[in-house]
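Colleague: requesting a structural model of the entry that follows:
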Amino acid sequence: MRVPGRRGSQVPNISSKEMDSRGHRLRKSMGGMLLLKGGAAACYLIAVPVTLGYLNSFEYGVWLTLSSILSWVNIMDIGVGNGLRNRLAECVAVDDIKGARGYFSTACAFLGILVIAVGLIGMWVVTLLDWPSVLNAAGASRGDLETTAMVCFGLFCFTMFAKIIGTLYLAMQKPVMSNGLVFGGQALALALTYLATVVLPDGGLIAIAVIWSGAPILVYLAAWPVAFLGRYREFRPSVRFIRATYLPSLLGLSVKFFVMQMAGLVLFAATNLVVAHVAGPKEVTTFNVAYRYFSLVPQVVVVILTPVWSAVTDAYQRGENEWIRQQERLLRRGVFVLVGVVACMLAVSPFVYDIWVGDAVSVTFALSAANAIYVTLYSYSFLYSTVLNGMGKLSIQLVNTVLAAIAFVPLALAGYAIAGLAGVVLASVLANSSGAILNRIQVSKLLSGTARGLWAT
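Modeller: Numbering: from 1, shown residues only. Model (predicted):
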C-alpha cells in the first residue's frame, strides 16, 4: 500500500508563479507572526511582576521549577504533533485530502488513548513523590505541592490533546492562526492572574496552577468548531477515517521528534533542577529573569522560522531544493544581524532589570553575558534544525541532542562550581555547540545532493 503524501508519489508540475506564491505566504506569515509575538512577549514580561506580586519570590521559584518539570507531559504525545505536521503538509502538497483526513483522524484517536493512559499513570506517580524534596522546598506544605502538581499534570494532559488543532494550522502554512491560539492562552492566563490578585488574593500556588495550566485549554477548545465547521471541514476527524496502516508512517517520524523533544526538555528542566538543588529556589527566579530577558531574541527567531518548517516540507516534497537554498541564505543573514541586537541588549541589561523587576531580583553581568552567548548560538542552530525538520531528516539531530542531554548535567554542575549561575548557562553553550555545526553541514549536503548514509536520513 502506498503511504499517502510521501515523497515519490506523483508530484504536480510547479510553476514559478506557485513558488512565488509560497514565498509571498511565507513573508506574510512572518509579518503576522512578528506582530503576534510582540503581544506574546509583552504578556511574557508582564507576567513576571504580576505573578511576583501574587506569589513571593520563594513561591514563584517553586512554581517555575514545578511547571518546568511537569511540562514533560507536553512530549508524552511521543512527537505525534510534529510528525502529523509533516505528514499533513506532504499530503496537501500532492492534493491528497483523503490521506490528510486519515492522518488527522488516526492521530486524534491515538492521542486520545495515549492521554488517558499517561494521565492515569502520571496521577499515580504524582502521589508517590515527596515534592518538598524534589523541589528543594522544605518550607512548603507537601499537601499543597502535591495538589498543585496533580492539577498541573491533569490540565497539561488535556492540553496535549486539545492543541492538535494548532498542528493543523501549521501544516496548512497558517502559523499565525496556530500561534494566535498560544497567545490567546497566555493573554487569558495573564488577565486571570491579575483578576486573582483582586478577587482571590490568598489563592497561592494552586490558583496560579489552575490559571496558567487551564487557560490555554479554553482557547484551544474554542478553536475546534471554528476550524472544522468552517474552512477546514474536509479535515474534520472521523472514526470512519481512522487507519491503523497510517500509524507506522506517522509514528516512525514522530518517535524521532519525541526523542529530540525529550532531550531538549532534559536540558530545560534539568537547568532549573540543577539551580534549585545547588543554589535554592530563590536563585531559580534570578536565573529565569535573565533567561526571559534574553530569550526575547530566540522568540523572534522562532517567529520568523515557524512558517519556514511547513514551507520547506512543501518545497522538498515537490523537489524545489533551489527555493529552500535561497531562503536559507536570506535567513542566515538575518540571524547574523541579531548578533548586534544581542550585544545592545547586553549593554542595557542592568537598566532593563532595574525597570522591570526593581530590587526584587539581582542579576549579575556575567549571567547576562552567558545568556547572550547562549541565545546567539541557539538562534543559528535553530535555523538549520528547522530546515531539517521540514525535510524530515532527523537522524543527525537525534544523535546529537541525546548526547548533549547526557553531557549537560555534569557540565552544569562543573560550570556552577567554577562560575556560579553563569557557568550553568555556559554548560548549555558547550552542550549545544556541536548541533550548530552539524545541522548546517547536513543541510548543505542534502541540498547539494551529496548526503549519504546517516546524513541522508
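
Colleague: got a list of contacts for stretch 93-111?
Modeller: For stretch 93-111, contacts defined as Cβ atoms under 8 Å, 6 or more residues apart in numbering pick out 4-5, 9-12, 77, 80, 84, 87-88, 91-92, 160-161, 164, 168, 234-244, 246-247, 250, 313-314, 317-318. Placement of C-beta: from N, CA and C, glycine included.

Colleague: pLDDT weak spots in the stretch 351-457 of the chain?
Modeller: Nowhere does the stretch 351-457 of the chain drop to pLDDT under 70.

Colleague: now the strands: where do they sit in it?
Modeller: Applying DSSP state E, counting those that start in this stretch to the stretch 351-457 of the chain gives no strands.

Colleague: L88 against G166, yeah?
Modeller: No. Taking contacts as Cβ atoms under 8 Å, L88 lies outside contact range of G166: 12.0 Å.

Colleague: so which of the two has more stuff around it?
Modeller: Between L88 and G166, L88 has the larger neighbour count (other Cβ atoms under 10 Å), namely 27 against 23.

Colleague: so what's that one up against?
Modeller: G5, A100, Y103, F104, T167, L168, A171, M172, F235.

Colleague: tell me the one of those residues nearest V182?
Modeller: When the contacts of L88 are compared for distance to V182 (Cβ to Cβ), T167 wins out at 12.2 Å.

Colleague: and that closest one, which helix or strand is it part of?
Modeller: helix 164-171 (DSSP states H and E).

Colleague: helix or strand right after that helix?
Modeller: Taking DSSP H and E, what comes next after helix 164-171 is helix 175-199.

Colleague: which strands and helices sit next to that next one?
Modeller: helix 16-54, helix 164-171, helix 204-228, helix 296-317 (3 or more Cβ pairs under 8 Å, 6 or more residues apart in numbering; DSSP states H and E).

Colleague: for G392, which of those helices is the nearest?
Modeller: Among the helices and strands packed on helix 175-199, the nearest to G392 by Cβ to Cβ is helix 296-317 (7.4 Å).

Colleague: other SSEs contacting that closest one?
Modeller: helix 16-54, helix 80-93, helix 164-171, helix 175-199, helix 321-356, helix 365-391.

Colleague: next, the buried residues of the first one.
Modeller: This means helix 16-54. Buried residues in helix 16-54, defined by neighbour count with 16 or more other Cβ atoms under 10 Å: 19, 22-23, 25-26, 29-30, 32-33, 36-37, 40-41, 43-48, 50-52, 54.

Colleague: work out for me the element the residue positioned nearest the centre of the chain sits within.
Modeller: For the chain, the residue nearest the mean C-alpha position is Q261 (8.5 Å; Cα atoms, centre = their mean). Using DSSP H and E, Q261 maps to helix 247-279.

Colleague: OK, contacts around A407?
Modeller: L430, A431.

Colleague: quick check: buried residues in the strand or helix carrying L120?
Modeller: Using DSSP H and E, L120 falls within helix 97-128. For helix 97-128, the neighbour count (16+ other Cβ under 10 Å) marks 99-111, 114-115, 118-119, 122, 126 as buried.

Colleague: ditto for stretch 69-86
Modeller: Buried residues in stretch 69-86, counted by 16+ other Cβ under 10 Å: 69-70, 72-73, 75-86.

Colleague: what's the closest of those to P410?
Modeller: I69 (19.9 Å).

Colleague: surely that closest one touches L273?
Modeller: Yes. Counting by Cβ under 8 Å, I69 touches L273, with 7.3 Å between them.

Colleague: for this structure, which spans come out with low pLDDT?
Modeller: In the chain (pLDDT under 70), the answer is 1-22, 71-75.

Colleague: picking up where we left off before, now the following helix or strand past the helix holding Q261 against helix 296-317, angle please.
Modeller: Proceeding N to C from helix 247-279, the next assigned helix or strand is helix 281-294, under DSSP H and E. Taking axes from the mean of the first three to the mean of the last three Cα atoms, to 10 degrees, one finds helix 281-294 and helix 296-317 inclined to each other by 60 degrees.

Colleague: what is helix 281-294 packed up against?
Modeller: helix 16-54, helix 57-70, helix 247-279, helix 321-356, helix 365-391, helix 421-448.

Colleague: nearest to L296 among the ones you listed would be which one?
Modeller: helix 16-54 (5.7 Å).

Colleague: from the chain's centroid, how far away is that closest one?
Modeller: Mean C-alpha position of helix 16-54 versus that of the full chain (Cα atoms, centre = their mean, to the nearest Å) differs by 14 Å.

Colleague: now that helix against helix 281-294, angle please.
Modeller: Computed by the same axes, to 10 degrees, the angle between helix 16-54 and helix 281-294 is 150 degrees.

Colleague: so what does helix 16-54 touch, helix or strand wise?
Modeller: Against helix 16-54 (3+ Cβ pairs under 8 Å, 6+ apart) you get helix 57-70, helix 175-199, helix 204-228, helix 281-294, helix 296-317, helix 321-356.

Colleague: got those as TSV, with distance to L398 columns?
Modeller: Below are the helices and strands packed on helix 16-54 laid out as TSV (distance: least, Cβ to Cβ, whole Å):
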stretch	distance to L398
helix 57-70	23
helix 175-199	24
helix 204-228	28
helix 281-294	25
helix 296-317	17
helix 321-356	21
